[in-house]
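Peer 1: All I have is the shape, not the residue letters:
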DNA sequence: AATGACATTATGTGCATACATAATAACATG
DNA sequence: CATGTTATTATGTATGCACATAATGTCATT
């Protein structure tokens, strides 16, 4: 029997994957250290390191200095959802994108919004409501508060020709954000705008983005009934 | 003015991130090549490569051979959701986990299920229904079909002491899967089990996992009203 | 002008080496 | 026996070098 060699990190990764899937290395098992694997595979330790690191990034391996590398006992599946500009999202589905501004006002936000955005009490934010359409049918309702202390240019934009969604992504940097997915019954108003009965179950995405310590914008996207977010594992 | 040096790949990454956030390098811009950056940062090209590769993995940079590296024009936010074992999920919320098997039968699945799992018509699958509890309150309803042609051992397991969710992750390898998030109105039955009115808006996760060309299991998790999936960007 | 050969360039990767760092085990000391 | 110190070990990473590979540009030939 000839032992095949695994020269590049991808084939090392594949071989490790094979052993995990074949249960030669079971969840929780400690696998040989990098030096030994490098010897076995006939490559440099660097190459093994690259392969194992990639697998650890994907959650399949747990690595700790000195403790060694073990197969993740709980292979936490990481579902990566791409949150793109809505226009792009619609167009990639092969549908015609449409956009309608519903409202644009400066106002003092509800306390819950103000608090989560860490705004001074009484400060005004820019409140935008808009409807995104796919093939002329309602796709998603956008309800957004923009921190005009941070995004000054927003006051000069009327958001008629471009959605706040797209305008912000194009013009405004942010450092990090929080996102939440939930289900919500349609209010009467939402039902009217989205063209569905009140109480319909709707998928909602809440997002809050920050530029360092300052909140940039908080947005709620309410999708039309039946909308799904899909991805592969 | 002294030009600081960036010795390790993390600080190189941070500096690149800073420039992107500060819009010194704007979306779509071509950034200097690795050799030049290495020179500027006072480190090896390998180190720059490591930093840029990591950023490209996160979708912030687009890299092509010869063409160079540019800031992603569509900073597609990638929301990574960790889909863990439900017991772990509950326990990490600091709540007491509970589990209740509702039903376990072998049956021919509805055509939609059979088709999506690519099962021979008429083949039986193992159908499991169970309720997961957090602090004795309903947390999520699991409705699962297991391909017993692939997961033979499942027939010997009664799923009284351990949920199919956890048992499968522990015992059954899979190569890939599909996952979908959606909102759904509670059926009368779901309302009864979850202790909420019918028509309540519920968050649902559908998952289908494969071991190479064979389907392993298809599961629908219906969460109690108000449940949110959260993550950071 | 179209075609194909070839050079150029930026990223991609492998390797040997060195040292850093975290976690653990072994040991010594009170 | 408890506790703090030290040695050991496996992973983490920086570096210089070499070569691979993909994409592009250049140039000669027809």
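Peer 2: That came in fine, so what should we check first? All values derive from a computational prediction rather than experimental measurement.

Peer 1: Any stretches of chain A with poor pLDDT?
Peer 2: Along chain A, the model assigns pLDDT under 70 to residues A:1-5, A:74-76.

Peer 1: Which stretches in it count as helices?
Peer 2: Counting by DSSP state H, chain A has helices at residues A:9-21, A:34-41, A:45-57, A:86-92, A:111-116, A:164-171, A:188-194.

Peer 1: surely residue A:168 meets residue A:151?
Peer 2: Yes: using CB atoms under 8 Å, residue A:168 is in contact with residue A:151, at 7.2 Å. Glycine gets a C-beta too; all of them are placed from N, C-alpha and C.

Peer 1: ok, what's across the strand from the nearest residue in space to residue A:118 that is not next to it in sequence?
Peer 2: Among residues not flanking residue A:118 along the chain, residue A:215 sits closest, at 5.8 Å (CB to CB, 6 or more residues apart in numbering or on different chains). Under DSSP bridges, the beta-bridge partners of residue A:215 are residue A:210.

Peer 1: tell me, how many neighbours does residue A:215 end up with?
Peer 2: Close neighbours of residue A:215, defined as other CB atoms under 10 Å in any protein chain shown, add up to 23.

Peer 1: what's near enough to touch it?
Peer 2: When contacts are counted by CB atoms under 8 Å, 6 or more residues apart in numbering or on different chains, residue A:215 touches A:116, A:117, A:118, A:119, A:147, A:150, A:208, A:209.

Peer 1: on that earlier part again, which one of the helices of chain A lies closest to residue A:68?
Peer 2: Evaluated with CB to CB, the helices of chain A place helix A:34-41 nearest to residue A:68, the distance being 9.3 Å.

Peer 1: Quick one: residues contacting the closest residue to residue A:68 other than its chain neighbours.
Peer 2: Distance criterion CB to CB, 6+ apart; nearest residue to residue A:68, sequence neighbours excluded, is residue A:30 at 5.2 Å. Neighbouring residues of residue A:30 by CB under 8 Å, 6+ apart: A:68, A:69, A:70.

Peer 1: domains of chain A?
Peer 2: A:9-71, A:86-223 (automatic domain parsing).

Peer 1: Where does chain A get nearest to DNA strand C, which residue?
Peer 2: Nearest to DNA strand C in chain A, going by CB to the nearest atom of the strand, is residue A:8, at a distance of 2.4 Å.

Peer 1: surely that residue meets residue A:47?
Peer 2: Yes: between residue A:8 and residue A:47 there is a contact under CB under 8 Å: 6.9 Å.

Peer 1: ok so, going back, most neighbours among the contacts of residue A:30, which one?
Peer 2: Most neighbours among those, by other CB under 10 Å: residue A:69, with 22 neighbours.

Peer 1: Now do the contacts for that one.
Peer 2: Contact partners of residue A:69, counting by CB under 8 Å, 6+ apart, are A:30, A:31, A:33, A:34, A:52, A:56, A:61, A:62, A:63.

Peer 1: got it, and residue A:104?
Peer 2: By CB under 8 Å, 6+ apart, the contact list for residue A:104 reads A:126, A:127, A:128, A:129, A:158, A:159.

Peer 1: and if you look at residue A:58?
Peer 2: residue A:78.

Peer 1: any idea how far it lies from residue A:20?
Peer 2: Residue A:58 sits 11 Å away from residue A:20, going by CB to CB, to the nearest Å.

Peer 1: do residue A:180 as well
Peer 2: Note on residue A:180: its distance to residue A:20, by CB to CB, is 32 Å.

Peer 1: next one: residue A:128
Peer 2: 48 Å.

Peer 1: Can you pick out the residue with more neighbours from those two?
Peer 2: Taking other CB under 10 Å, residue A:128 and residue A:20 do not tie; residue A:128 has more neighbours (25 against 21).

Peer 1: OK, contacts around that one?
Peer 2: Contact analysis of residue A:128 by CB under 8 Å, 6+ apart lists A:101, A:103, A:104, A:142, A:143, A:144, A:145, A:146, A:159, A:164.

Peer 1: you'd agree the last one is up against residue A:151?
Peer 2: Going back to what we said before, that points to residue A:164. No: the criterion here is CB under 8 Å, and residue A:164 misses it with residue A:151 at 9.8 Å.

Peer 1: quick one: residue A:143 from residue A:217, how far?
Peer 2: Taking CB to CB, one finds residue A:143 at 11 Å from residue A:217.

Peer 1: So which of these two has more stuff around it?
Peer 2: Between residue A:143 and residue A:217, counting by other CB under 10 Å, residue A:217 is the more crowded of the two (26 against 18).

Peer 1: Identify the residue spatially nearest to that one, adjacent ones excluded.
Peer 2: In space, and not counting its chain neighbours, residue A:217 is closest to residue A:146: 4.9 Å by CB to CB, 6+ apart.

Peer 1: now do residue A:193
Peer 2: residue A:141 is the one closest to residue A:193 (CB to CB, 6+ apart), at 5.5 Å.

Peer 1: can you check residue A:178 too?
Peer 2: In space, and not counting its chain neighbours, residue A:178 is closest to residue A:208: 4.9 Å by CB to CB, 6+ apart.

Peer 1: Repeat that for residue A:32.
Peer 2: Nearest to residue A:32 is residue A:40, by CB to CB, 6+ apart, at 7.3 Å.

Peer 1: one step back: what count of nearby residues applies to the residue of chain A closest to DNA strand C?
Peer 2: Neighbour tally, residue A:8, other CB under 10 Å: 12.

Peer 1: Repeat that for residue A:33.
Peer 2: 13.

Peer 1: show me the contacts for residue A:147.
Peer 2: So residue A:147 contacts A:117, A:119, A:125, A:214, A:215, A:216, A:217 (CB under 8 Å, 6+ apart).

Peer 1: filter these to the buried ones?
Peer 2: Among the contacts of residue A:147, those buried by neighbour count (16 or more other CB atoms under 10 Å in any protein chain shown) are A:117, A:119, A:125, A:215, A:216, A:217.

Peer 1: related to what we said a few turns ago, which of the contacts of residue A:104 are close to DNA strand D?
Peer 2: The subset of these within reach of DNA strand D, by CB under 7 Å from any atom of the strand, is empty.

Peer 1: Out of those, name the ones that lie in strands.
Peer 2: Residues of these located in strands (DSSP state E): A:126, A:127, A:128, A:129.

Peer 1: Scan those residues and report the most crowded one.
Peer 2: residue A:128 (25 neighbours).

Peer 1: which residues pair with that one across the strands?
Peer 2: Assessed by DSSP bridges, residue A:128 has beta-bridge partners residue A:104, residue A:144.

Peer 1: do the same with residue A:78
Peer 2: residue B:82.

Peer 1: Hmm, it is touching residue A:56, no?
Peer 2: No: assessed by CB under 8 Å, residue A:78 is found out of contact with residue A:56, at 11.9 Å.

Peer 1: about what we covered before: is it possible to export the contacts of residue A:215 to TSV including distance to DNA strand C?
Peer 2: What follows is the contacts of residue A:215, written out as TSV (distance: CB to the nearest atom of the strand, whole Å):
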residue	distance to DNA strand C
A:116	34
A:117	35
A:118	32
A:119	38
A:147	35
A:150	32
A:208	32
A:209	28
